[in-house]
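**Q** Pasting a predicted model and its sequence here:
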Amino acid sequence: MWANNGFSISTNKDYLNLSVIHQFLSEEAYWSKGIPKETVKKAIENTTFCFGVYKGEVGREDFVQVGFARVITDLARFAYLCDVFILPDYRKLGLSKWLMDVITNHPDLKEVRRFMLATNDAHSLYSKYGFESIEHPELFMQKVRQNPYQK
């Protein structure tokens with residue numbers, strides 16, 4: 001657990017508030033609108049590291065989840081950062097920078113060879129932590145199912 005100015009970050013999945021995470025991802029995040037709660041739950045269960053950001057100290061009665069990030073990784077060669085958010089009422093407090101500092105300095109992630117993410121609007125944040133545009137995008141391929149959560 002990490003603590004800073006009345007906030008805390010934990011990778012203990014027992015503290016995650018699935019309702020908060022699902023609400024943000026399904027209703028506010030541009031990358032996952034309409035995602036079913038069961039899909040969010042399954043993703044969390046099968047992700048190596050989930051970082052919860054909380055107002056207050058985790059485990060105490062009054063702590064509240066205010067942010068989240070997942071890192072999918074083999075802990076050696078590859079990591080993918082996704083589902084990063086800080087709730088709107090808690091933005092501009094430095095929490096996203098602190099979260100990125102915790103993630104990029106995590107002892108199990110510091111030596112990962114390729115650490116990737118995709119963003120539509122936060123390039124300036126991620127570049128501060130060493131992320132840069134893909135040098136040879138022609139080497140990368142993807143398979144994307146369009147609107148998988150829209151029936």
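**A** Great, that's in hand.

**Q** Residue 66 - nearest residue in space that isn't next to it in sequence?
**A** residue 90 (4.3 Å; C-beta to C-beta, 6 or more residues apart in numbering). To be clear about C-beta, it is placed using only N, CA and C from the backbone, and glycine gets the same treatment.

**Q** ok, how many other residues are close to the one you found?
**A** Look at residue 90: counted by other C-beta atoms under 10 Å, it has 16 neighbours.

**Q** from memory it sits against residue 65, does it?
**A** No - using C-beta atoms under 8 Å as the test, residue 90 is too far from residue 65 to be in contact (10.0 Å).

**Q** Spell out which residues are contacts of both of those two.
**A** residue 53 (C-beta atoms under 8 Å, 6 or more residues apart in numbering).

**Q** contacting residues for the spatially most central residue of the chain?
**A** Nearest residue to the geometric centre of the chain (C-alpha atoms, centre = their mean): residue 69, 1.6 Å. In this structure, residue 69 makes contact with 50-51, 53, 81-85, 99, 103, judged by C-beta under 8 Å, 6+ apart.

**Q** ok, back up a step: please report the distance of the residue nearest to residue 66 from residue 77.
**A** 34 Å (C-beta to C-beta, to the nearest Å).
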